[in-house]
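Chemist: Requesting a structural model of the entry that follows:
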Amino acid sequence: MVSPGILLVDKPAGLTSHDVVARTRRAFGTRKVGHAGTLDPMATGLLVIGIEGATRLLTYIVGADKTYRATIRLGQTTGTDDAEGEILTTAAPEAWASVTDDAVTAGIASLTGAISQVPSAVSAIKVDGRRAYDRVRAGEEVVLAARDVVISRFDLLESRRGDGHLDLDVIVDCSSGTYIRSLARDLGADLGVGGHLTALRRTRVGPFEVTDAVAIDALEGAPTLTPAEAASRILPVLEMSADDARDLRHGKRLAGRAEELEGRIAAAIDPDGVLIGIVEKRGADLKSAMNMPEGER
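Modeler: The predicted structure follows:
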């Protein structure tokens, strides 16, 4: 029997997130595998994978904030807002006069904090039941609604001026749902020369770091975090007695126990260190919002 767990994978460029899931299924011998947040084929870095019953935890991981390292090329726009798309426009030489170091710094500052962002048209967002990128590839014009995101850090690490372009290496801490391609597009637009993304690497998802991830060729026998270990990283922990654990697993409420929970939800752990599930307040009681399958440790 395959043990449930959370696997951290360092996705290489050229593979889709689904490709990584498929390889994980083969390596672990199970179909029950999912991931917490897609990475484009061009992107590299951390993919959080759930195996067996631990897939139930992905719901609580997917909304975590994230860190990316990226390279933005100013001076060109593309149809996909990244290097995989066709170049649509190239900045005229005279447009560069206003693109000073101070202007770049100010442009980055204007895209930091709580902002409203229009996702790239070639995103995986569904429009009337179909992925936006499928509609674009079919020749449809897609304009997505703006969404509110939070960019808590947008730092310039290095800049390199080339022939007709300016490359910016940046690091971004952001809320879930942020599109780094859109940051590149919007920064270029604000500076009047256009921009797109040429490199993207996700280095963190919530408490999980890419430095702890395994390479795609090392999936066989790769170590995983137990559901309890993973849940205790992302949520507060409530230690439960054996009787509490039994009641929660049988769908019973813990009467009058809501005050034990400071936040909205917590990871309930039994005396053996096994994750019972996720508990939440319900009036004055505690009840299970999600139970792990019994027998999975």
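Chemist: so the nearest residue to Ser159 once chain neighbours are set aside, which of the three states?
Modeler: Among residues not flanking Ser159 along the chain, Leu168 sits closest, at 5.2 Å (C-beta to C-beta, 6 or more residues apart in numbering). For glycine as for every other residue, the C-beta is placed from the backbone atoms N, C-alpha and C. For Leu168, the assignment made with DSSP: H, G, I helix; E, B strand; the rest coil gives strand.
Chemist: State the distance from Leu168 to Thr198.
Modeler: According to C-beta to C-beta, to the nearest Å, Leu168 stands 10 Å off from Thr198.
Chemist: in the stretch 151-297 of the chain, which ranges drop under the pLDDT threshold?
Modeler: For the stretch 151-297 of the chain, the stretches with pLDDT under 70 are 295-297.
Chemist: so where do the strands sit in it?
Modeler: For the stretch 151-297 of the chain, the strands defined by DSSP state E, counting those that start in this stretch cover 165-174, 195-205, 208-209, 214-215, 237-239, 265-269, 275-282, 285-291.
Chemist: Just tell me which of these ends up closest to Glu158.
Modeler: strand 165-174 (4.4 Å; C-beta to C-beta).
Chemist: What pairs with that closest one, parallel or antiparallel?
Modeler: strand 66-74 (antiparallel), strand 147-162 (antiparallel) (DSSP bridges).
Chemist: just those: most buried one?
Modeler: Compared across the strands paired with strand 165-174, strand 66-74 shows the largest average neighbour count, a mean of 22 (mean count of other C-beta atoms under 10 Å).
Chemist: That strand relative to strand 195-205, how many degrees between them?
Modeler: 160 degrees (axes from the mean of the first three to the mean of the last three C-alpha atoms, to 10 degrees).
Chemist: Kindly export strand 66-74 (C-alpha atoms) in PDB.
Modeler: The C-alpha trace of strand 66-74 is given here as PDB (Å, rounded to 0.1, in the frame of the first residue of the first chain):
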ATOM      1  CA  LYS A  66       4.600  32.300  -3.000                       C
ATOM      2  CA  THR A  67       8.100  33.500  -4.000                       C
ATOM      3  CA  TYR A  68       9.500  33.700  -7.500                       C
ATOM      4  CA  ARG A  69      12.700  34.700  -9.100                       C
ATOM      5  CA  ALA A  70      12.200  36.000 -12.600                       C
ATOM      6  CA  THR A  71      13.800  37.800 -15.500                       C
ATOM      7  CA  ILE A  72      11.800  40.600 -17.200                       C
ATOM      8  CA  ARG A  73      12.900  41.800 -20.600                       C
ATOM      9  CA  LEU A  74      11.900  45.400 -21.300                       C
END
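Chemist: Can you name the next helix or strand after that strand?
Modeler: Counting by DSSP states H and E, the element after strand 66-74 in chain order, helix or strand, is strand 76-78.
Chemist: What strands flank the helix or strand following that next one, and is each parallel or antiparallel?
Modeler: Going down the chain from strand 76-78, the next helix or strand is strand 87-90, by DSSP H and E. Using DSSP bridges, strand 87-90 pairs in its sheet with strand 76-78 (antiparallel).
Chemist: center of the chain, which residue is that?
Modeler: Most central in the chain under C-alpha atoms, centre = their mean is Gly37, positioned 4.4 Å from the mean C-alpha point.
Chemist: Return the residues in contact with that one.
Modeler: Residues near Gly37 by C-beta atoms under 8 Å, 6 or more residues apart in numbering: Ser17, Leu47, Val48, Ile61, Val62, Lys66, Ser176, Val205.
Chemist: go again using 6 Å as the cut-off
Modeler: Counting by C-beta atoms under 6 Å, 6 or more residues apart in numbering, Gly37 makes contact with Val62.
Chemist: tell me the secondary structure for it?
Modeler: Gly37 - assigned by three-state DSSP - is coil.
Chemist: So what does it have for phi and psi?
Modeler: For Gly37, the backbone dihedrals are phi 110, psi 120 (criterion: degrees, to the nearest 10).
Chemist: do you know how far it is from Ser17?
Modeler: 8 Å.
Chemist: How about Leu8, nearest residue that isn't a chain neighbour?
Modeler: Leu8 sits nearest to Ala213 (C-beta to C-beta, 6+ apart), 4.0 Å away.
Chemist: what number of residues lie near the one you found?
Modeler: 21 (other C-beta atoms under 10 Å).
Chemist: same check, this time on Lys287
Modeler: Neighbour tally, Lys287, other C-beta under 10 Å: 18.
Chemist: do Leu219 as well
Modeler: The burial count for Leu219: 18, using other C-beta under 10 Å.
Chemist: Tell me the spacing between it and Gly14.
Modeler: For Leu219, the distance to Gly14 - C-beta to C-beta - is 16 Å.
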